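Visitor: Generate a structure from the sequence data that follows.
(chains A and B)
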Amino acid sequence: MTKADMGRDLAATSGAPACSADSHQAAGAHAERLLNLYPATPAQVSPEEGMMLYRDMMLGRRFEDKCAEMYYRGKMFGFVHLYNGQEAVSTGVIKAMKPQYDWFCSTYRDHVHALSCGVPAREVMSELFGKETGCSKGRGGSMHLFSKEHHLLGGYAFIGEGIPVALGAAFTSRYKRDALGDSSSDSVTAAFFGDGTCNIGQFYECLNMASLWKLPIIFVVENNKWAIGMDHNRATSDPEIWRKATGFGMASEEVNGMDVLAVRAASQRAIERARAGEGPTLLECLTYRFRGHSLADPDELRAEAEKEFWAKLDPIKGLAAQLLEQKLATAEQLQAIEQEVDAEVADCVEFALAAPEPKPEELTRYIWAED
Amino acid sequence: MAETLLFNALREAIDEEMARDPYVCVMGEDVGQYGGSYKVTKDLYEKYGELRVLDTPIAENSFTGMAVGAAMTGLRPIVEGMNMGFLLLAFNQISNNMGMLRYTSGGNYTIPAVVRGPGGVGRQLGAEHSQRLEAYFHAVPGIKIVAVSTPTNAKGLMKAAIRDNNPVLFFEHVLLYNLSENIPEGDYICALDQAEIVLPGKDVTILTYSRMRHHCLKAVEQLTEAGVDVELIDLVSLKPFDMATISASIRKTHRVLIVEECMKTGGIGAELMALITENCFDELDVRPMRLSSQDIPTPYNGVLENLTIIQPSQIVAAAKALKAGQV
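Guide: Predicted coordinates for the structure are as follows:
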């Protein structure tokens, strides 16, 4: 037996008894992990907070659906990666943090992170249309959304390269506190990335440095099982990413990434740790993307049974049910939020369509700091 | 004026800037307790503490990326490449993020960072430690590239690089750290984008940088005896080139020789010659020449190594030929 075989056996036997695993075998190992998750205490929310979370997730969903429509209508170009299905992660983490104070770092799948950070939908849609009113002035595009105002460090298109940048923001926070003596400096940075990123060197290098220097950072793995067409279980020796933190002496949690209240609770624990100077946390959020890798992906490899399994766990429907059940919101209130969001998305498209293109004479602007 | 070694001139510059601005910090391998492999940060760890002079693990791409994030959020980091060749491992962060991010972000962020360290061909260090990355990084948009060659310009340029709001790649040379000269006292700054006229002359313009400046100076001794009046220009700024100074010199001499330590193909001289041809073609009496290193990995053997890079005798021969119009 090789080490890899042993790892597979260990992974297969970990977690709670597989009471319902048989019926879900067709849904795959990722689904089994979710079913076997150790139950965690969800976040307690007020009605206002609950509806705020619902609104943020709904905005993410409807915005992305509109992107698909606009892409197929030829209004946006390039690679467009949609976030459908993963909303509980963006909303669960970012809405637990302080806007325009904490820092956020994303990937090529960054539209919804930007929205959760508070970047106006008009600015995000304009960017996707390549317009001057875009948050990156039409120079960045779908994979490069930036907003200093909203502390969005950016969308980073190459795998893993955003993690060190996020680490730098966390370093600045500690530097201000401990080198400049500003005891109030306690901003936390959230770095988002996927399962595929957890096989690249920068991930491990940054776990090491973050733990070594006790930096206030949360590594948020959005494990959606698929790195384009590469099944996570075919790409890594131990699919349980949260356990990799142990090797760095770092706190970590395996989180139900389809449940925004579970993500929020885990984030709150990590944020508290980070603000107290106790260092970083790795959150592995088990989630799934409801669409292909990008709008150019034929999505031929994922089994129907798997897709169906995850579709049933739609995080927005899940939160709606919880809010209704706990009487934190009424059906009418949720419907009103939906209508508001639809109006906001319609407005951002109109705005972006009418917005000016960047000026050709400003082609070379923004290369230098003075320009 | 005080007699100062080049590595100490750099150290003084960093020390003065760290004292002047608490946001200036240093990060890299062995920069702290060890004082830097070439002692450029000697004693600064004791003076400024472990966060301002941060010893990093050996993880070039990640600590360079960390500097990018730190710069985006308010710090002014100086990253030391223990050997500039190691920064091949940080190519992605230097290119995608240091160089391109300000533009890609539509001006959201600035990256006031310096990446510095020893480059060039040393004495039998082998191929990997004898690289000239200035040529590799030359095409990256959004970064300034300078190469220092004397204690005086090392200090003045380091201070300018730290104060600049753009990312600066700052090339030192492994064989120049122990150069010594009297350098000006106090707070003096050199312009990052200006070439230095080392010697005025009227017959032949020689354009060079880094250690080759000193090979050229040796060659000039013989050329003066042979009646060739050289105008020697140290480019200092490799990106952008100071085309005003370069063009003015060519308008005077009508002959130009480029002497560089980087390889010929895709080198600094290749780009420079293209610009000279585009901008100064009508001023040239003879075709421009360049002397570059061989297009090979630098061999370990000392004789072969010397054959790989340009020697003063080759500069003498080329300048004489240019003056005579025999090229």
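
Visitor: hey, let's count contacts and neighbours off CA atoms from now on
Guide: Noted.

Visitor: Next up, the contacts around the residue most central in space within chain A.
Guide: Against the mean C-alpha coordinate of chain A, by C-alpha atoms, centre = their mean, the closest residue is A:Ser90 at 4.2 Å. By C-alpha atoms under 8 Å, 6 or more residues apart in numbering or on different chains, the contact set of A:Ser90 is A:Val112, A:His113, A:Ser116.

Visitor: repeat for A:Ala274
Guide: Going by C-alpha under 8 Å, 6+ apart, A:Ala274 touches A:Asp186, A:Val188, A:Leu215, A:Pro216, A:Ile217, A:Ile218, A:Pro280, A:Thr281.

Visitor: so which of those residues are also by chain B?
Guide: Among those, no residue sits close to chain B (C-alpha under 8 Å from any C-alpha of the partner chain).

Visitor: So which of these belong to strands?
Guide: A:Ile217, A:Ile218, A:Thr281 (DSSP state E).

Visitor: and the particular helix or strand that has the residue nearest to the centre of chain A in it, what's its mean pLDDT?
Guide: Assigned by DSSP states H and E, A:Ser90 belongs to helix A:87-94. For helix A:87-94, the mean pLDDT works out to 98.

Visitor: next one: stretch B:242-255
Guide: On average, stretch B:242-255 scores 98.

Visitor: Residues in contact with that stretch: which ones?
Guide: Contacts of stretch B:242-255 with the rest of the structure, by C-alpha under 8 Å, 6+ apart, involve B:193-195, B:201-205, B:231, B:233, B:235, B:256, B:276, B:279-280, B:283-288, B:322-323.

Visitor: Same question for stretch A:298-315.
Guide: A:24, A:26-28, A:31, A:85-88, A:229, A:258-260, A:288, A:290-293.

Visitor: and B:Asp229, how many neighbours does it have?
Guide: Residues lying near B:Asp229 (other C-alpha atoms under 10 Å in any protein chain shown) number 21.

Visitor: got the contact list for it?
Guide: B:Asp229 neighbours (C-alpha under 8 Å, 6+ apart): B:Gly201, B:Lys202, B:Asp203, B:Val204, B:Leu223.

Visitor: and the stretch 151-300 of chain A, which residues reach chain B?
Guide: A:153-154, A:161-162, A:164-172, A:175, A:178-180, A:202, A:205-206, A:209.

Visitor: Looking at the residues you listed, which are in helices?
Guide: Among those, the members found in helices (DSSP state H) are A:162, A:164-172, A:175, A:178, A:202, A:205-206, A:209.

Visitor: Tell me where the stretch 151-300 of chain B has helices.
Guide: B:151-163, B:212-225, B:243-253, B:268-280 (DSSP state H, counting those that start in this stretch).

Visitor: er, chain A actually
Guide: Using DSSP H, helices in chain A cover A:3-13, A:29-35, A:47-72, A:87-94, A:111-117, A:121-128, A:162-178, A:201-212, A:232-235, A:260-275, A:304-311, A:315-325, A:331-354.

Visitor: ends of stretch A:134-153, how far apart?
Guide: 15 Å (C-alpha to C-alpha, to the nearest Å).

Visitor: Where does pLDDT dip in the chain?
Guide: With no chain named, the answer covers chain A. Along chain A, segments meeting pLDDT under 70 span A:1-24.

Visitor: how many other residues sit next to residue 290?
Guide: With no chain named, the answer covers chain A. With neighbours defined by other C-alpha under 10 Å, the count for A:Phe290 comes to 17.

Visitor: Let me rephrase: I mean chain B.
Guide: 20.

Visitor: pLDDT at it, what is it?
Guide: 98.

Visitor: Tell me how far the nearest residue to it once chain neighbours are set aside lies from chain A.
Guide: Spatial nearest neighbour of B:Arg290, chain neighbours left out: B:Ile258 (4.4 Å); criterion: C-alpha to C-alpha, 6 or more residues apart in numbering or on different chains. Distance, B:Ile258 to chain A, using C-alpha to the nearest C-alpha, to the nearest Å: 28 Å.

Visitor: Which residues does stretch B:138-148 contact?
Guide: By C-alpha under 8 Å, 6+ apart, the residues outside stretch B:138-148 that reach it are A:367-368, B:95, B:98-100, B:102-103, B:134, B:154, B:157, B:166-173, B:192, B:209-210, B:236-240, B:268.
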